[in-house]
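Peer 1: Just to be clear, the model below is a prediction. Sequence and coordinates:
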Amino acid sequence: MTFHLAIDIGASSGRHIVGYLENGLLVTKEVYRFTNGMKNSDGALIWDIQALFDEVLNGLAACREQGFVPSTVAVDTWGVDYVLLDAEGNEILPVFAYRDGGTARVLDEVADIVSREELYRRTGIQHQDFNTLYRLFVDKKLGRLEGASAMLMMPEYINYKLTGVICAEYTNASTTGLLNAVSKDWDFDTIDRLGLPSRLFGELHQPCHEVGFFTEAVAQRLGYNARVLLCPSHDTASAVAACPMDRDGVYISSGTWSLVGAENTVPVLSEKAKEANFTNEGGICGTYRFLKNIMGMWLFQGIRKSIGAEYGYDDMMRLGMSSEHGGIFDPNAKELVAPEDMLTALRHLLGDEDMSLGKVLASVYHSLALSYAEAIKEIEALSEREFSAVHIIGGGSRDGYLNALSAKYTGKKVFAGPTEATAVGNLISQIMSTDSNISIYDARELVKASFGVTEVLGV
């Protein structure tokens with residue numbers, strides 16, 4: 001039997017999920033899970049990349065221990081963040097996390113060189129203060145790029161550590177704000193104007209490309225070798241690849257972020273799309289993920305941290321369901337990006353410092369569902385398409401109350417699942433890599449047949 005391994009790493013956790021075909025269905029098994037998170041170091045939020053790679057190796061070892069030696073492996077992570085390598089291939093530390101906030105001081109300086117309007121026309125990427133191009137510009141000002149030979153997005157860095165091969169991937173590169181939306185290649189005119197060294201930006205490859213085999217050192221440590229492939233290495237791109245939707249469907253990839261979008265064959269680069277802060281990120285088979293980022297489970301994660309994990313997520317859902325909401329707020333409010341205390345920040349935003357926990361939770365639920373509905377209306381207007389179904393995928397699709405409120409506010413049919421959409425999308429791209437006769441449409445039919453996708457009733 002042929003085993004494939006999806007290494008799926010999010011901002012708060014990572015998992016190693018084995019997949020294989022049996023009786024015409026895709027079977028998955030989680031073999032390893034670990035916690036992940038940003039660390040505070042000298043006032044900056046950073047990633048401990050050595051600890052992260054150690055966990056990747058631990059999960060690969062667990063595959064062998066459990067009898068699931070993979071023939072292929074692919075890695076997906078969040079977007080935006082990167083690792084710089086020096087001329088000897090060593091890491092230039094620290095590796096900053098996107099929530100660090102250190103880019104604020106250069107936003108206007110960058111806009112004076114390349115306006116936000118022009119950036120959008122070129123890249124189709126929504127403005128976010130944490131976009132990669134701003135962090136690179138900060139690194140240039142700090143002199144960190146002078147000795148750098150390559151910039152690797154996080155999945156590319158892990159691939160490099162596994163294989164010794166530097167290989168850039170399209171979907172994650174599209175999150176940098178430095179990819180031309182039309183050519184689907186680096187926008188070297190913008191890169192040059194910003195004074196960023198062109199040597200940092202390697203040749204781009206589409207998902208399903210082969211990176212290489214494990215290095216001798218990695219293979220010896222693990223006791224086996226495997227072929228490393230490119231999946232859609234931005235986690236949302238992998239999730240959308242697995243989304244069992246038709247042409248009349250939009251998706252909500254529900255995790256730490258809620259990504260609300262449609263799959264397009266051409267980018268939407270209009271002024272109205274820019275003003276609405278929509279983005280055109282890369283998808284599988286050269287598609288575009290026309291979407292809006294909305295803070296999602298991050299809000300519940302923050303609340304749980306504020307109350308000392310006194311409640312589980314199901315407890316919080318039940319408390320939110322049984323409470324009246326205390327108001328509606330913008331889930332993307334800057335105060336919620338990285339607050340020291342999420343519960344306090346939400347109470348302040350809602351204008352009631354003594355608001356009960358139940359009311360705060362209900363406010364989060366209703367505010368998120370309403371923001372989803374508004375984003376879908378914008379997608380329909382901007383892309384001149386009409387959608388009848390909403391597919392909620394990812395870990396957040398387990399939240400039945402949020403799903404039901406989404407059905408209520410959107411007024412559309414809502415379907416939930418698969419919950420492990422990112423890993424499933426990672427896996428089906430590996431299957432497509434090994435069998436060129438399998439198209440993305442075939443792969444999505446496989447997802448429909450293999451995993452429970454349920455219609456959600458509104459409240």
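Peer 2: Received, thanks. Numbering: from 1, shown residues only.
Peer 1: Where do the strands of the stretch 351-459 of the chain begin and end?
Peer 2: 389-393, 413-416, 454-456 (DSSP state E, counting those that start in this stretch).
Peer 1: other SSEs contacting the first one?
Peer 2: Identification of packing neighbours for strand 389-393 by 3 or more CB pairs under 8 Å, 6 or more residues apart in numbering; DSSP states H and E yields strand 249-254, helix 400-410, strand 413-416. Heads up, the C-betas are built off the backbone N, CA and C, glycines and all.
Peer 1: Now render those as JSON lines, adding distance to residue 139.
Peer 2: JSON lines is the format used below for those (distance: least, CB to CB, whole Å):
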{"stretch": "strand 249-254", "distance to residue 139": "29"}
{"stretch": "helix 400-410", "distance to residue 139": "38"}
{"stretch": "strand 413-416", "distance to residue 139": "41"}
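Peer 1: For residue 430, find the nearest of these.
Peer 2: Checking the helices and strands packed on strand 389-393 against residue 430 by CB to CB gives strand 249-254 as the closest, at 19.5 Å.
Peer 1: And the next helix or strand past that closest one?
Peer 2: Downstream of strand 249-254, the first helix or strand assigned by DSSP states H and E is strand 257-264.
Peer 1: Using CSV, list the CA coordinates for that next one.
Peer 2: The C-alpha trace of strand 257-264 is given here as CSV (Å, rounded to 0.1, in the frame of the first residue of the first chain):
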residue,chain,number,x,y,z
TRP,A,257,-8.4,33.0,10.3
SER,A,258,-11.7,32.8,8.5
LEU,A,259,-11.0,33.1,4.8
VAL,A,260,-14.1,33.8,2.9
GLY,A,261,-13.8,33.5,-0.9
ALA,A,262,-14.5,32.1,-4.3
GLU,A,263,-12.3,30.2,-6.8
ASN,A,264,-11.7,32.3,-9.9
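Peer 1: buried sites along it?
Peer 2: 257-264 (16 or more other CB atoms under 10 Å).
Peer 1: any chance of the helices and strands packed on strand 389-393 in CSV, with mean pLDDT and mean neighbour count too?
Peer 2: What follows is these, written out as CSV (pLDDT from 0 to 100; neighbours: other CB atoms under 10 Å):
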stretch, mean pLDDT, mean neighbour count
strand 249-254, 96, 27
helix 400-410, 97, 22
strand 413-416, 96, 22
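Peer 1: Quick one, which of those gets closest to residue 347.
Peer 2: Smallest distance to residue 347 across the helices and strands packed on strand 389-393 (CB to CB): 20.4 Å, for helix 400-410.
Peer 1: Nearest to residue 250, out of the strands of the stretch 351-459 of the chain?
Peer 2: Of the strands of the stretch 351-459 of the chain, nearest to residue 250 by CB to CB is strand 389-393, at 5.6 Å.
Peer 1: How about residues contacting the closest one?
Peer 2: Contact with strand 389-393 is made by 239-240, 242-246, 248-254, 372, 376, 403, 406-407, 410, 412-419, 421, 453, 456, as judged by CB atoms under 8 Å, 6 or more residues apart in numbering.
Peer 1: Partner strands of that strand, with direction?
Peer 2: strand 249-254 (parallel), strand 413-416 (parallel) (DSSP bridges).
Peer 1: what angle do the longest helix belonging to the chain and strand 257-264 make?
Peer 2: Taking DSSP state H as the criterion, the chain has its longest helix at helix 357-383. Relative orientation of helix 357-383 versus strand 257-264 (axes from the mean of the first three to the mean of the last three CA atoms, to 10 degrees): 20 degrees.
Peer 1: so what secondary structure elements neighbour helix 357-383?
Peer 2: Using 3+ CB pairs under 8 Å, 6+ apart: helix 357-383 touches strand 249-254, strand 257-264, helix 271-275, strand 288-295, helix 297-306, helix 313-321, helix 342-349, helix 400-410.
Peer 1: So which bits of that helix are buried?
Peer 2: Buried residues in helix 357-383, counted by 16+ other CB under 10 Å: 357-376, 378-379, 382-383.
Peer 1: Run the angle between it and helix 313-321 for me.
Peer 2: 90 degrees.
Peer 1: how far away is residue 408 from residue 331?
Peer 2: Residue 408 sits 17 Å away from residue 331, going by CB to CB, to the nearest Å.
Peer 1: Please disregard the earlier target; I meant residue 416.
Peer 2: 20 Å.
Peer 1: and residue 128, what does it touch?
Peer 2: Per CB under 8 Å, 6+ apart, neighbours of residue 128: 80, 293.
Peer 1: got the phi/psi numbers for it?
Peer 2: When read as degrees, to the nearest 10, the backbone of residue 128 gives phi -140, psi 140.
Peer 1: now it: how far from residue 134?
Peer 2: Here residue 128 is placed at a distance of 9 Å from residue 134 (CB to CB).
Peer 1: again, but for residue 120
Peer 2: Counting by CB to CB, the gap from residue 120 to residue 134 is 15 Å.
Peer 1: wait, isn't residue 370 in contact with residue 328?
Peer 2: Yes. Using CB atoms under 8 Å, residue 370 is in contact with residue 328, at 6.3 Å.
Peer 1: Just the C-alpha atoms of whichever strand or helix holds residue 16, please, in PDB.
Peer 2: Residue 16 belongs to strand 13-22 when assigned by DSSP H and E. The C-alpha coordinates for strand 13-22 follow below in PDB (Å, rounded to 0.1, in the frame of the first residue of the first chain):
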ATOM      1  CA  SER A  13      -0.600  23.600  16.100                       C
ATOM      2  CA  GLY A  14       0.800  21.100  13.600                       C
ATOM      3  CA  ARG A  15      -0.200  17.600  12.600                       C
ATOM      4  CA  HIS A  16       1.200  14.800  10.500                       C
ATOM      5  CA  ILE A  17      -1.600  13.000   8.700                       C
ATOM      6  CA  VAL A  18      -1.100   9.900   6.600                       C
ATOM      7  CA  GLY A  19      -3.400   9.300   3.700                       C
ATOM      8  CA  TYR A  20      -3.900   6.200   1.400                       C
ATOM      9  CA  LEU A  21      -6.400   4.900  -1.100                       C
ATOM     10  CA  GLU A  22      -8.500   1.900   0.000                       C
END
